[in-house]
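Peer 1: What follows is a predicted structure for the sequence shown.
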Amino acid sequence: MSFGLRIDNLRMLRKLVVVALGMFGFGYALVPMYKAICEITGVNILALGEKELPGSGNARLESVKNTQVDTSRTITVEFDANARGPWHFKPMQSSVQVHPGELTTVMYEFQNVQNRTMSAQAIPSYAPHEAAAYFNKVECFCFNQYTLAPGEKKQWPVVFVVDSKLAKNVNTITLSYTFFEVGSKTPPAPSGTVSLIGEQKAGV
């Protein structure tokens, strides 16, 4: 092998070593660069560091803040119940305070006080009326008809989320249900807060 060819080979080797070192350095720096970009853009929540997400598995996922919940705003949701017929029908709590975007569950209690089996269904209404478009029910007893035996008592849930797009001047929503026997004349939906809340406040 000639001297000139050996020199050329050594130069090529040096270039390859420099390229290999550069690629290694770039690969080493890529992970922190990727994490920094993801933190800034919010593209990938997994880019958060271990100090920000303690633990592992489900515990880590639960510690991630749900950015869809508007914790800067609180809305009072009042619950009202009206029975058209021989039923005992009431919410298990008269009101709750929720943040827009927060999933909330409230239970209602039903009892057939007749000595015969009865089927019934509930219809909802809202006050103010414009709140209806922003009150999203994930699960509700009003979706179905129910049959209760004489004296039978049941509890069924309402699972809902108040949309964060609800007008800022709306701070209170009243959800009112009318429970009526299937087969009877369907009653009109109540226009707002009616009998039950007033009776509870009066101690009746």
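Peer 2: Received it, and whenever you're ready, just let me know what you need.

Peer 1: Got the domain ranges for this protein?
Peer 2: 3-63, 75-202 (automatic domain parsing).

Peer 1: rank those domains by pLDDT, which is bottom?
Peer 2: Sorting the domains of the chain by mean pLDDT places domain 3-63 lowest, at a mean of 54.

Peer 1: What's the local residue count around Arg11?
Peer 2: As a burial measure, Arg11 scores 10 neighbours (other C-beta atoms under 10 Å). (Each C-beta comes from the backbone N, C-alpha and C, glycine too.)

Peer 1: ok but it is inside a strand, no?
Peer 2: No - Arg11: not assigned to a strand; according to DSSP: H, G, I helix; E, B strand; the rest coil it is helix.

Peer 1: heads up, I number from 781, so please use that
Peer 2: In the new numbering, first residue 781, that becomes Arg791.

Peer 1: Enumerate every residue touching the closest residue to Ala900 other than its chain neighbours.
Peer 2: The shortest distance from Ala900 to any non-neighbouring residue, by C-beta to C-beta, 6 or more residues apart in numbering, is to Glu961 (5.0 Å). Taking C-beta atoms under 8 Å, 6 or more residues apart in numbering, we find Glu961 in contact with 864-865, 898-900.

Peer 1: Mark which of the residues you listed are buried, thanks.
Peer 2: By neighbour count, with 16 or more other C-beta atoms under 10 Å, the contacts of Glu961 hold 864, 898, 900 as buried.

Peer 1: Could you find the closest non-adjacent residue to the first one?
Peer 2: Using C-beta to C-beta, 6+ apart and skipping the chain neighbours, the partner closest in space to Arg864 is Phe960 (4.1 Å).

Peer 1: Tell me what the one you found is bridged to.
Peer 2: For Phe960, the beta-bridge partners under DSSP bridges are Arg864, Gln901.

Peer 1: From Glu882, how far off is it?
Peer 2: Look at Phe960 and Glu882: by C-beta to C-beta, to the nearest Å, they are 31 Å apart.

Peer 1: now Met898
Peer 2: Taking C-beta to C-beta, one finds Met898 at 35 Å from Glu882.

Peer 1: What is the burial count for Thr885?
Peer 2: Quick note: Thr885 (other C-beta under 10 Å) scores 11 neighbours.

Peer 1: Give the bridge partners for it, please.
Peer 2: With DSSP bridges as the rule, Thr885 is bridged to Val939.
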